[in-house]
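Visitor: Mind looking at a prediction? Sequence and model below.
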Amino acid sequence: MAVNLSGNWRFVESENFDAFLEALGVDPAIRQVAKSASPRETIQQDGDTFNIKTIAAKTTEIKFKVGEEFEGEIQQGEVKISPTWDGSKLRFEFDSPKGKQVQEREVRADGRLYLVLTAPDGTKSTRIFAKE
């Protein structure tokens, strides 16, 4: 385990989120709702075991252990997610109907949590959260 991501995190800013959602084929009306949301994440970590609760337009909760594939839900339906460590980044890889997607979470030097989303075509978005 590289770092401890535990904490209550509130959304503060986003980069390139609309383009990311468009790359996934998300309807423009739904993109508008998603862009206006201010999600919160509660991360509980015990070694490589996680519980991540995301509170937004829809509340989701996932429990998993790094290195063990699990099922999760994305807008397009259920997917199998493979969590791994990539240095200090918690990395998710999964196949969506549009192709392979990647999510990486890491706490950077500024103390904020960065969630970097990569669409199958390579379009990236960064969602930034501050610790409460």
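Guide: Received, thanks. Keep in mind the model is a prediction, meaning the values are calculated, not measured.

Visitor: Show residues contacting the helix or strand harbouring Thr54.
Guide: Per DSSP states H and E: Thr54 is located in strand 49-55. With Cβ atoms under 8 Å, 6 or more residues apart in numbering as the test, strand 49-55 has contacts from 5, 39-44, 59-66, 83, 90. Placement of C-beta: from N, CA and C, glycine included.

Visitor: Look up how far Glu41 lies from the closest residue to Glu61 other than its chain neighbours.
Guide: Counting by Cβ to Cβ, 6 or more residues apart in numbering, Lys53 is the residue found nearest to Glu61 once chain neighbours are left out, at 4.5 Å. Taking Cβ to Cβ, to the nearest Å as the measure, Lys53 falls 7 Å from Glu41.

Visitor: For these two, indicate the residue with more neighbours.
Guide: Using other Cβ atoms under 10 Å as the criterion, Lys53 and Glu41 rank with Glu41 on top: 21 against 15.

Visitor: residues in contact with the residue nearest to the more buried one when sequence neighbours are not counted?
Guide: Leaving aside its chain neighbours, Glu41 sits nearest to Trp9 (4.5 Å; criterion: Cβ to Cβ, 6+ apart). Applying Cβ under 8 Å, 6+ apart, one finds that Trp9 lies in contact with Arg40, Glu41, Thr42, Ile43, Leu113, Phe129, Ala130, Lys131, Glu132.

Visitor: need the longest helix for the chain.
Guide: In the chain, taking DSSP state H as the definition, the longest helix is helix 28-36.

Visitor: Kindly format the C-alpha coordinates of it as PDB.
Guide: C-alpha atoms of helix 28-36 as PDB (Å, rounded to 0.1, in the frame of the first residue of the first chain):
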ATOM      1  CA  PRO A  28     -26.300  16.500 -23.400                       C
ATOM      2  CA  ALA A  29     -29.100  16.900 -20.800                       C
ATOM      3  CA  ILE A  30     -27.500  14.300 -18.500                       C
ATOM      4  CA  ARG A  31     -24.100  15.900 -19.000                       C
ATOM      5  CA  GLN A  32     -25.500  19.200 -17.800                       C
ATOM      6  CA  VAL A  33     -26.900  17.600 -14.600                       C
ATOM      7  CA  ALA A  34     -23.600  15.800 -14.000                       C
ATOM      8  CA  LYS A  35     -21.500  18.900 -14.500                       C
ATOM      9  CA  SER A  36     -23.600  20.900 -12.000                       C
END
